[in-house]
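Trainee: I would like to see how this sequence folds:
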Amino acid sequence: MGSGIKVADVMKKNVVTLHANATVQEAARVMKDKGIGSIIVIEGNEAKGILTERDIVRKVVAEMKPLTTRVKDVMSHPLIVVEPETALEDAARVMHDNNIRRLPVINREGLLVGILTENDIMSLFPTIVDLIEEKARL
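Mentor: Model (predicted):
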């Protein structure tokens with residue numbers, strides 16, 4: 001890409017979190033109400049894992065675990081994260097190499113400040129294509 005776009009330029013800043021002791025049912029309800037496919041799991045002020053719809057299907061429903069299962073017991077961890085200053089191209093490579101679609105953004109103080117999704121990156125492509133076509137016409 002080489003465009004100088006940073007993760008901070010594209011990430012969503014309003015990250016939905018849930019405490020590690022919450023139940024899978026509570027997590028599913030929050031995901032439904034917010035229209036999202038994942039929740040960052042926290043303990044104290046620290047992001048510890050991520051719970052995705054896929055985790056719920058594979059680790060709860062398919063294994064017939066109760067909906068009262070704690071999210072900490074089925075979340076994906078440890079978290080793979082990037083910093084806000086990370087180049088978008090590098091973040092995309094991290095996502096690809098780790099076969100993940102969501103990347104929490106943690107600042108240098110260790111605080112969760114955003115989340116970058118595959119869709120956030122894909123939403124840039126029309127703009128990038130327009131820029132390339134415009135440059136080609138010059």
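
Trainee: in the protein, which residue is closest to the centre?
Mentor: Arg102 (2.8 Å; CA atoms, centre = their mean).

Trainee: the strands in the chain, which residues?
Mentor: In the chain, the segments counted as strands under DSSP state E are 17-19, 38-43, 46-52, 102-106, 112-117.

Trainee: Wait, the residue nearest to the centre of the chain touches Ile115, no?
Mentor: Yes: contact criterion CB atoms under 8 Å: Arg102 and Ile115 qualify, at 6.0 Å. C-beta: built from backbone N, CA, C; applies to glycine.

Trainee: what residues do those two have in common as contacts?
Mentor: Ser38 (CB atoms under 8 Å, 6 or more residues apart in numbering).

Trainee: Now do Glu85, the pLDDT please.
Mentor: With respect to pLDDT, Glu85 scores 97.

Trainee: Wait, it touches Ile5, no?
Mentor: No: counting by CB under 8 Å, Glu85 stays clear of Ile5, with 11.4 Å between them.

Trainee: Counting neighbours, go ahead and name the busier of these two.
Mentor: A direct count of neighbours by other CB atoms under 10 Å for Glu85 and Ile5 places Ile5 higher, at 17 against 11.
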